[in-house]
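**Q** Sequence first, predicted model second:
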Amino acid sequence: MIKKIAIIDDDPILIFTLKYQINKINSEFEISQFSNGKEAFDFFSDDTNSAHFPDIIFLDINMPIWDAWDFLNEWEKYKFATCPLIYILSSSINPKDIQNAKKYCFVKSFLIKPIDFENLKLILTY
Amino acid sequence: MKAPLIPNNEVERLNELYSFKVLDSFEEKDYDYITHLASQICNTKYSLITLIDKDRQWFKSKCGIGINETHRDVSFCGHVIVENKDVYIVEDARKSLTFFDNPFVVENPNVVFYAGVPLRSENGFALGTLCVFHDDLIELSEDQLYSLKGLANQVMNLLNLRKTNLFLSEQSKLLEAKNSNLEDFFKFFKDLIVVTDLNLNLVNSNESWSKHFEDKELRSGVKKFLDFVYCEDKKVVEFQIEKALKLSISENFVCKIKDNNSVFKEIIWRIYFLDNNYYFYGRDVTHQKNTESNLLKLLNLSKSQNERLQNFAHIVSHNLRSHSTNISSLVQLIGEKYPVKENEFFKMLLLASENMIETTNNLSDVALLYSSNKDEINKFKLKKLIKKSIDTFQLELNRNNISVDINVHESIEIYGFAEYLDSVFQNLISNAIKYSRESNYKFLRIVSHDEENYIKLSFEDNGLGIDLSRYKDKIFGMYKTFHYTENSRGLGLFITKNQMEAMGGWIEVESEVNIGSKFNLYFKKNND
């Protein structure tokens, strides 16, 4: 199955390396990228983009404009028809962030950078 | 002549007499009126108020006679106090066996008739008499006798009054002495005492108050207590004054008072209401308050500094991790895409990026150590945990030929955090592997001992050992490495020590170079 993956992160290097790794696992996966939460949310909530609605989202925490929490709060309010697997992917080891992430039941898991290649494989082929 | 007998209760009688302190006192008109009246009523030449002392009779008042006292033996009155009669009468002394040869009968004043009424104290002691006598034969009617007894009663009243007055004046002297003692006391008293009348005008105060708060130039003239009080505190004071008026005592309250240097001092007061006066009792707590607020400031400062440091640690570790992760990922990508794997520079770059990741990981661990967000402390089966940690290292242990010997009873339970316990055991096991020494038989012995409040768990190996004489103070410090072995990093024991302490236990080390190391862990048996 061809999966659609969205990466929301303000760090172009992270996006580059993650895209490279995803491509290595399956080069046919469709990857969309957003540099902050608002940009991503605007895209997802626009019905004309429904063909690109993702199956998996990798979400960074600290970003300009909308951070992960802003994004998740809006996500919770807006009832999307389908629910992709949302993974938080951050370098934060602050226990407050981890606690905070647990409040959103639709967040699948909290991943700490760097994401292990084998682990990534598991997530993508699940 | 017969001398009067001595009464049975003479000692007590004399004590009673002396208690009036009347012997040898001055003449007093009140008594003289009575003797005068007595001789008038009874138509006698003479009348006396006598008091019978040990060897004499002493005259408090005399009418018709000049002397002040006589010997007790020749007294008529000495006989009166022995006889238990309302009145003692001698009709003709010249014919009496007791008195015929008495010098006062034979000579001046030639007593013929005598009548004496005993002066009885409230306690029943006869102290003396009121008596009348004459140098001729007379008779006293019932009325006259009645009057004589009444006058004797009046004498006794006068004596009692005298005694009461004496007692009162002694008491007032005592009180005065006590008062002046108290005044001295308040004079040197550091606390403040201010007395005001009902309208809060100052009527009295102690030295502490007048020295510090009452300007000497303004001292004359009426002053009100409230004039000294900081204006915003006046309401509080008024409220407490009302309370004191109702309940005669106020609560403790603090108000500011302007001192002689126009500085407001914080005083803690209590008001007592007594005999239409308010007593303000105060203590200067300015210094104490300042100390308290300084302490509080310091506490808040260190708290906020701590929080800032904590945030700083998180931010640094977070940002460093982002960059080092990126670099390491990029280096790996380069290695995969370009034929550089055998290049020496590339190898070093790979190693450096791996070291950087490890260092930032350690830094994150340390930052986490101090975060307050921890799960609750739990009970764990010790052996199970150790086995789990050994399992994760089993491959490496086998590869290094280290045999593990666990001597821990299944039933032993300890308190701790799951994450910390795993981390502590894994760190000690990996240390035993990293710092093992080439020999025929390498071992790691894990043994538990039950001590009073703690479980002691020791990890003993025969590895490289640590030179404790050199590194004793540094062994559990941050970034101390003692061996030039690959992978050696100094944070492990630092983290282990802190994790043990966070769980209410501690870690100790015994070690000798080229013999081995023994780490003793102490875990809490009870959660209290």
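**A** Received the coordinates, thanks.

**Q** which stretch of helix or strand covers the residue of the stretch 401-528 of chain B found nearest chain A?
**A** Closest approach between the stretch 401-528 of chain B and chain A, counting by CB to the nearest CB: residue B:419, at 11.0 Å. (Each C-beta comes from the backbone N, C-alpha and C, glycine too.) Assigned by DSSP states H and E, residue B:419 falls within helix B:418-434.

**Q** Tell me which stretches of chain A form strands.
**A** In chain A, the segments counted as strands under DSSP state E are A:4-8, A:30-34, A:56-59, A:85-90, A:107-112.

**Q** closest one to residue B:496 among those?
**A** strand A:107-112 (21.8 Å; CB to CB).

**Q** Just send the strands of chain A back as TSV, with mean pLDDT and mean neighbour count too.
**A** Below are the strands of chain A laid out as TSV (pLDDT from 0 to 100; neighbours: other CB atoms under 10 Å in any protein chain shown):
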stretch	mean pLDDT	mean neighbour count
strand A:4-8	95	22
strand A:30-34	94	18
strand A:56-59	94	24
strand A:85-90	92	22
strand A:107-112	89	16
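
**Q** okay, the ones you listed in JSON lines with distance to chain B next?
**A** Putting those into JSON lines (distance: least, CB to the nearest CB, whole Å) gives the following:
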{"stretch": "strand A:4-8", "distance to chain B": "14"}
{"stretch": "strand A:30-34", "distance to chain B": "16"}
{"stretch": "strand A:56-59", "distance to chain B": "14"}
{"stretch": "strand A:85-90", "distance to chain B": "8"}
{"stretch": "strand A:107-112", "distance to chain B": "8"}
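
**Q** what bridges to the spatially most central residue of chain A?
**A** Nearest residue to the geometric centre of chain A (CA atoms, centre = their mean): residue A:58, 2.0 Å. Residues in a beta bridge with residue A:58, per DSSP bridges, are residue A:7, residue A:87.

**Q** so it makes contact with residue A:14?
**A** No: using CB atoms under 8 Å, residue A:58 makes no contact with residue A:14, being 9.1 Å away.

**Q** Common neighbours of those two, please.
**A** Residues touching both residue A:58 and residue A:14 (CB atoms under 8 Å, 6 or more residues apart in numbering or on different chains) are residue A:7.

**Q** tell me the SS of residue B:308?
**A** Following DSSP: H, G, I helix; E, B strand; the rest coil, the label given to residue B:308 is helix.

**Q** Check the burial of residue 123 by counting its neighbours.
**A** By default, I'm working from chain A. Neighbour count of residue A:123, defined by other CB atoms under 10 Å in any protein chain shown: 19.

**Q** looking at chain B here, not the other one
**A** Residues near residue B:123, counting by other CB under 10 Å, number 10.

**Q** for residue B:252, same thing?
**A** Neighbours of residue B:252 (other CB under 10 Å): 11.

**Q** Pull the contacting residues for it.
**A** Neighbours of residue B:252 in contact, by CB under 8 Å, 6+ apart: B:268, B:269, B:270.

**Q** Now for the residues you listed, which sits with the most neighbours around it?
**A** That'd be residue B:269 among the contacts of residue B:252, by other CB under 10 Å, with 22 neighbours.

**Q** what about it, distance to chain A?
**A** Going from residue B:269 to chain A by CB to the nearest CB, to the nearest Å gives 48 Å.

**Q** So in terms of bridging, what pairs with that residue?
**A** residue B:253, residue B:282.

**Q** now the one 4 residues further on
**A** According to DSSP bridges, residue B:278 are recorded as the beta-bridge partners of residue B:273.

**Q** could you pull out the helices for the chain?
**A** Unless you meant another one, I'm taking chain A. A:12-25, A:37-44, A:68-77, A:95-102, A:117-125 (DSSP state H).

**Q** Wait, chain B was what I had in mind.
**A** B:10-19, B:29-42, B:77-80, B:103-106, B:142-187, B:207-212, B:234-247, B:286-337, B:344-369, B:382-392, B:394-399, B:418-434, B:468-471, B:491-502.

**Q** Which one, of those, ends up nearest to residue B:477?
**A** That would be helix B:491-502 among those, by CB to CB, at 6.1 Å.

**Q** what packs against that closest one?
**A** helix B:344-369, helix B:418-434, strand B:506-512 (3 or more CB pairs under 8 Å, 6 or more residues apart in numbering or on different chains; DSSP states H and E).

**Q** any idea which of these is most buried?
**A** helix B:418-434 (a mean of 20; mean count of other CB atoms under 10 Å in any protein chain shown).
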